[in-house]
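**Q** what's the 3D shape of this:
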Amino acid sequence: MSAALARTTSTSLSTAAKVSPSRQKTGRRAPGGLQKSASFIEYEVRRGEITNDTQYSTSQDGTRLVRESLNAQAKRKKRRLQPSELQDPLATWEPLHDDGTAQVDDVGDGETDESGAGEKRKRYESSDEPMRLWREHIELFLDELVRRDAPYSGRRGDQCALCETPYAANAERLRCLQCGSFAQCRECLVARHATLPLHSPEVSQNLELTLCVTLNAALQVWSGKFWAKVDLRTLGCIYQLGHGGLRCPHAAPAVREMVVLDFPRIHTVCFRYCGCDHSDRFNNLQQLLQNGWYPASITDPRSCATFETLATFRLLNVTGNINVQAFVKCMEKRTDATRVNTVPDRYKGFGLMSRQWSFLKRLKRAGRAHDSLGVPGTRNGELAVRCWACPHDGINLPVNWRDVAPEYQFLFMLIIAVDANFRLRHRLRPNERDDPPLGSGWGYMQEEGPYREHLRNYVNEKDVSSCIAFKALLQKDSRLTTGLRSSGVGGVVCARHELIRPQGLGNLQKGERYSNMDYIVLASLIGITLLWLAISYDVACQWQVNFPSRMEEMPERLRLDLNAIQVLFALPVWHAMAHERSCQVQNSLTYTSGVGRTDGEGIERVWSLLIAIAWATRVMGRGAREDAIEDKVDHENYEKNINQGVVLPRKLIVAITERDQQVAGFEQVDATLETEVREEWQAIIDAWKADHQSRNPYDTTTPTRAASEAAVRLELAKEELEEASGGRGGQQGTSMTSFVVMGLQLEDAQFRIKRQVAQRGLLASEQSERLAELRRSFFIKMRKFRRLQEVYAPGAVQQLAEDEDKRDSELPPLQAEATAVYLPSRLPRAKRDGCSEELKGKEKRLRVGQMQDCVAKLRRCLLSRRHLWDWREHNVGQRAGTRAATLAQRVQRSIDETAERYRSARAALFALGGEDACVDWPVLQDDDIRVEEERDSDAGARRKLGNVGLSAKETRKSRRAGRAHSSKHVMSWIWTSGGAPGEDEEDLREAVRVEWSKAQARRDRWTEEVLHLREEMRRVLRFLRWTALEWETRASVQREVDQELRAGLKAYAARQAAVARDTARRFRNAWDTSASDAVRAALREEAVMGVEEPDGMDLLIEEF
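**A** Next comes the predicted model:
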């Protein structure tokens, strides 16, 4: 704009033509030849596309301001992004991508590449029967062991191997097997071991002599008959601190003795402190530490342990659960197994040193030595090893992850599992000294002060149970806690990767109370800034009811912003089986959107690792126990992170295969539906996802009059609660109903194990691990059940003893699926009479509920199978027919298993009550497992389908054919037993609707699982990249320290950064391959371990 025009407009239009600071004015004649006396244009200069330019001009008479918008455009809505469009280098990277190049011929023709993939592992006698081959060489090995005790002869025994000085007659000869199998003279050995004070040499003489074998027996002397041990001190060895054993110009005059624990022996070493300028700035403690000796005390230490010994013990402790007593006892035996001399007792001292060492290592790995705030500045949870694959905002998520499209927001969901473990209890000890844990709250356990203060204000919650009488809920305020400081531990883990969360553990004082669990869960979530959170808990159906109101009573730092975070509550997959049917389908993870195939049972696998230290920690002091648990958890978390490189791709192989099968299966079922039916059923699913109070699509609405097993259990539990209130409670802290239910659950577990044994897994090792886990879980529960049998069923104990007497002792122990459970119904009549009538009555009622569940499931499966068969008849084609047949085979397996369970339950009911008890429950014959008119022509079967999957024309034709070809077979009793509805159009429609909804849920969960796994692999790489950058930042030390310490801090930071980058590089190289190559790599690994290749693997690789 010209200066004159500017002056004109500034006087007359100064108030009207103001512009925002974010806009820029520039004057020029208006475009298009507008005849205005004066004008200027305000251009939009905000970041992004120009959306609205405004032209201001004066009217020709100069009295009015004219405003006109140029190239105005509507504001665009913010576009939601696909995951591949996020701002991150890994956004477009797809691990284990599908290259489409793998064919059957790649692995099926017997010709393999150099790696040997695709061929059977060669058999070698040395690996198949190693002990048989070794037996032939027993004498050779034995002779060589004895030969080591002989004196050296020839050149090796006539002169010193170092200075080559010949030995005089009867001169002493020495050797140190740690240095090498050769003889040395005294002068050479003393000089050589000036810097090696913890070696164990030996000495010999060619004459008879009497030796005083001292405490640490570092040397061996030849007495004319054998090598004898002798101490380095007797040879005058004095170790010089501060110089690594080399000479010090101003050594301290005092010669001291130090007991040094150096695995595998305990030594007594003579030493001097350094007194020269080199060590002026270091005190005695620092001199010991710089020498790699960890002192047992701060003031005038007389005992030390080498760093290597402490590191070895920690690894043995966290991997093999070796305790301090066993470790020190081992060292004492290696020092002097005959107890001729007294070995110093350093059990207590080593316990303190090992505990301090483990804590210091966690501080070091967390970077606390590099922080300017030092150790006191450590924040709660900072020492915990975090999961690399879980989402952490600002660490392993793309910068704009919040802009992702809503249908992909589940990829950034945090899924946690919650549970309690009552094996990790802690006893009160008399005269116990106050010894708090090191760094309370800095790792995995709760900070003591705030946690206790919260529990002090606890008031017993009102029982809100509306589902099933869980033992955890029924006894949450009545669990026996006499003599216990804590009755167990509550925990929170990431459900998908099974790492314990920071501050994810807390002691329970009296059962699994909400007050404890609420605090532990919320403390483990401090600092999360995510949009979605899923919580899996075996009592989530009740726990979630008043969770928001209880959270409001928590300290402010623990409260979640429920307006910013969407919280989902769900039941673990296996624990859901103990809930009512309606509760299962309402809350199970199986039907929870966005969680993939997370089972929520990972915390049980974590408990199985921690139970190994339960006995040792039960009697420890308060601080030592928590420190031991912290160290064990720290190790397990790190191991699981490192194993992500192998675990994630193997899971992805399984997920891709299962996803493809579920997608194909759903499409096959979905193709049988008409559009109107599909839309109606989909609307039910969508409505339920939006509001869980709506009709549940995964449960049938057809009523039944008979009570299910879960309903019977609930009824019995209520009756026992009434008895308990009257002072007639169960024994051993477990009710009679719980005892029977536990036995039924064990039988059910045996069915699952048998099914697992009968199936071949995708990868043999994966199948073996699942089978081993099921068997291990069975025996853990069985041990408790056996203890209860002594109270409720003493006849079972006698029968077990008789079975053991009859069993061949040479045979291996019975597997879980072959182990007799021995509920009253399974016992011989003579021993069954020893059980109370009340116990047998409860089992009868539960068996009836069990059979009702089986019959209901049989009906659903039969209707689904019939629907598949009929659709196959109307859709000709090999591919469609094969898929339909595959689906039908799956349904048939379920039918066979359910029938077997019914027959087992009926046999138990017959044993308890005879024919009178089974009047309403006939024997299930193979001929009974059918749908009416199933044997008729396909026209008669089509009539039963109604409007499901058929056009209107086909429906009318089917009805006409049905009238002409009606069935002469009588309806099977399973369709009327227990008040079940008859087989009509609505029953069939409802059954197919439920199966269609479940098939869609399975398809969606497996599709989510594949997306989850690939995103988790990206997050692992991002976390490692962030870790490397974090350590590189720490290399620029902010602390005021001496130059030597500064160099150490920089070197350690550089090494940690390099480890993170190397790990990321190794993971990336392993994952940056096709799915078919990943399958071959997995097979090669299993071939090395001797695992046979599963059948059908050629077809699997073809699919990829």
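
**Q** burial of residue 889, as a residue count?
**A** Here the number of neighbours of residue 889 (other C-beta atoms under 10 Å) works out to 12. For every residue, glycine as well, the C-beta is placed using N, CA and C.

**Q** And for the one 3 residues further on?
**A** Other residues within reach of residue 892, judged by other C-beta under 10 Å, total 14.

**Q** just checking, it touches residue 862?
**A** No - between residue 892 and residue 862 there is no contact under C-beta atoms under 8 Å: 10.0 Å.

**Q** And residue 498, what's its pLDDT?
**A** Residue 498 carries a pLDDT score of 93 in this model.

**Q** ditto for residue 1048
**A** 91.

**Q** Which stretches in the stretch 151-300 of the chain count as helices?
**A** Applying DSSP state H, counting those that start in this stretch to the stretch 151-300 of the chain gives helices spanning 155-158, 186-192, 284-290.

**Q** got the ones you listed as a markdown table, with mean pLDDT, mean neighbour count and distance to residue 1067 columns?
**A** Output for the helices of the stretch 151-300 of the chain, formatted as a markdown table (pLDDT from 0 to 100; neighbours: other C-beta atoms under 10 Å; distance: least, C-beta to C-beta, whole Å):
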| stretch | mean pLDDT | mean neighbour count | distance to residue 1067 |
| --- | --- | --- | --- |
| helix 155-158 | 64 | 14 | 51 |
| helix 186-192 | 83 | 17 | 45 |
| helix 284-290 | 90 | 17 | 36 |
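
**Q** for residue 807, what are its contacts?
**A** Residues in contact with residue 807 (C-beta atoms under 8 Å, 6 or more residues apart in numbering) are residue 814.

**Q** start at 283 instead
**A** Yep, numbering from 283; the last one is residue 1089 now.

**Q** what about it, distance to residue 1083?
**A** Residue 1089 sits 11 Å away from residue 1083, going by C-beta to C-beta, to the nearest Å.

**Q** rewinding a little: could I get the helices of the stretch 433-582 of the chain in a markdown table, plus columns for distance to residue 1324?
**A** Output for these, formatted as a markdown table (distance: least, C-beta to C-beta, whole Å):
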| stretch | distance to residue 1324 |
| --- | --- |
| helix 437-440 | 49 |
| helix 468-474 | 33 |
| helix 566-572 | 11 |
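
**Q** What would stretch 1052-1066 look like as CSV? C-alpha coordinates only.
**A** Extracted C-alpha coordinates of stretch 1052-1066, given in CSV (Å, rounded to 0.1, in the frame of the first residue of the first chain):
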residue,chain,number,x,y,z
ARG,A,1052,1.2,-75.1,26.3
LEU,A,1053,0.8,-78.7,27.3
ALA,A,1054,3.5,-78.4,30.0
GLU,A,1055,1.8,-75.3,31.4
LEU,A,1056,-1.6,-77.1,31.6
ARG,A,1057,-0.1,-80.1,33.3
ARG,A,1058,1.9,-77.9,35.7
SER,A,1059,-1.2,-75.9,36.6
PHE,A,1060,-3.1,-79.1,37.2
PHE,A,1061,-0.7,-80.5,39.7
ILE,A,1062,-0.4,-77.2,41.6
LYS,A,1063,-4.2,-77.3,42.1
MET,A,1064,-4.1,-81.1,42.8
ARG,A,1065,-1.8,-80.7,45.7
LYS,A,1066,-4.3,-78.5,47.5
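
**Q** Just the mean pLDDT for it, thanks.
**A** 83.

**Q** Same question for it: list its buried residues.
**A** Across stretch 1052-1066, burial judged by 16 or more other C-beta atoms under 10 Å covers 1053, 1056, 1057, 1059, 1060, 1064.

**Q** between the residues you listed, which is nearest residue 967?
**A** Minimum distance to residue 967 across the buried residues of stretch 1052-1066 is 31.8 Å, recorded for residue 1056 (C-beta to C-beta).

**Q** Now do the same contact list for the closest residue to the closest one other than its chain neighbours.
**A** Closest residue to residue 1056 apart from its sequence neighbours, by C-beta to C-beta, 6 or more residues apart in numbering: residue 1035 at 5.0 Å. Contacts of residue 1035 were listed using C-beta under 8 Å, 6+ apart, and they are 1053, 1056, 1057, 1060, 1097, 1098, 1099.

**Q** can you give me the helices for the stretch 1183-1332 of the chain?
**A** So, for the stretch 1183-1332 of the chain - with DSSP H, counting those that start in this stretch - the helices run 1220-1227, 1234-1246, 1267-1316, 1325-1353.

**Q** so which of the ones you listed gets nearest residue 444?
**A** Across the helices of the stretch 1183-1332 of the chain, residue 444 has its closest neighbour in helix 1325-1353 (34.2 Å, C-beta to C-beta).

**Q** Distance from the chain centre to that closest one, please.
**A** 26 Å (C-alpha atoms, centre = their mean, to the nearest Å).

**Q** Just the C-alphas of stretch 702-711, formatted as PDB.
**A** Extracted in PDB, the C-alpha atoms of stretch 702-711 (Å, rounded to 0.1, in the frame of the first residue of the first chain):
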ATOM      1  CA  ALA A 702      -3.300 -61.800  44.100                       C
ATOM      2  CA  ASN A 703      -1.000 -64.500  45.200                       C
ATOM      3  CA  PHE A 704      -1.500 -66.000  48.700                       C
ATOM      4  CA  ARG A 705       1.600 -68.200  48.600                       C
ATOM      5  CA  LEU A 706       3.900 -65.100  49.000                       C
ATOM      6  CA  ARG A 707       2.800 -64.600  52.600                       C
ATOM      7  CA  HIS A 708       5.100 -63.200  55.300                       C
ATOM      8  CA  ARG A 709       5.300 -64.400  58.900                       C
ATOM      9  CA  LEU A 710       5.900 -62.200  61.900                       C
ATOM     10  CA  ARG A 711       9.200 -62.900  63.600                       C
END
